[in-house]
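Trainee: next input, structure requested:
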Amino acid sequence: MKNNNRAIIMLIAAAYLGYLGVKLIKDSLMPDPGTEPTENPVLFTIIGIAFIAVTAFLIVRTIKDMADAKKSEEEQSETKEQEEAQNVSEAESDKPVENMEETDSEKSDDKSAQDDINTAPESIADRIKRLSSDDETEES
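Mentor: As a prediction, the model looks like this:
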C-alpha cells in the first residue's frame, strides 16, 4: 500500500513537472498577446525540454517500480502457498499408515474379546444373584 501511494505521488509530481516544461517551451517560443517576450527564450526552451525529460524518466521508473513490486508480491504469495502446501504434506506424511486388512491373529483377538464381553455380563449377573442369596440366608 505504501508503494502505491508513493507511486501515485510520483506520477502526480511528474505530470506537474511535464506541464511546467510544456508551458515553459510554449511561453518562450510564442508569448501570450499583451505580454513581453522572455529575455532568453533559448534558455527557457532548454529548461522546458529538461523538465519533459525528467517527467518521462519519472513516469517510466515509477511504472517499472510498480511492476516489480507486483511481481515480488506475487512471488511471495506463491512461496507462501508452496510452504503451506509443504507443511500440509509433511503433516500428512507424519501420520502412520494403517493397514486396512486384518490378519488372522487380529481376527481371533477380536473374537476372543467379543466372547469376553458376552460372558462378562452373565458372570456379573451370577455374582449379584449369589451375593443377594447369601445376604438373604444370613438375615434369616
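Trainee: from here on, just use CA atoms for contacts and neighbour counts.
Mentor: Will do.
Trainee: packing partners for the longest helix along the chain?
Mentor: The helix that spans the most residues within the chain, counting by DSSP state H, is helix 41-94. Contact partners of helix 41-94 among helices and strands, from 3 or more Cα pairs under 8 Å, 6 or more residues apart in numbering; DSSP states H and E: helix 2-29.
Trainee: coming back round to it: what's the angle between the longest helix of the chain and helix 2-29?
Mentor: Here helix 41-94 runs at an angle of 170 degrees relative to helix 2-29 (axes from the mean of the first three to the mean of the last three Cα atoms, to 10 degrees).
Trainee: can we start the residue count at 642 from this point?
Mentor: Understood, numbering begins at 642; the last thing we discussed is helix 682-735.
Trainee: in terms of contact, does Phe685 touch Leu665 like I think?
Mentor: Yes. With contact defined as Cα atoms under 8 Å, Phe685 reaches Leu665; the gap is 6.1 Å.
Trainee: tell me how this structure divides into domains.
Mentor: Using automatic domain parsing, the domain parsing of the chain gives 643-735, 748-781.
Trainee: identify the residues contacting Pro672.
Mentor: For Pro672, the contacting residues are 678-679, by Cα atoms under 8 Å, 6 or more residues apart in numbering.
Trainee: go with 7 Å
Mentor: Pro678 (Cα atoms under 7 Å, 6 or more residues apart in numbering).
Trainee: and it, its phi and psi?
Mentor: For Pro672, the backbone dihedrals (degrees, to the nearest 10) come out as phi -70, psi 150.
Trainee: so for it, what's the pLDDT?
Mentor: Model confidence at Pro672, given as pLDDT, is 78.
Trainee: same check, this time on the one 3 residues further on
Mentor: Residue-level confidence at Gly675 comes out at 76, pLDDT.
Trainee: how many residues are close by it?
Mentor: 6 (other Cα atoms under 10 Å).
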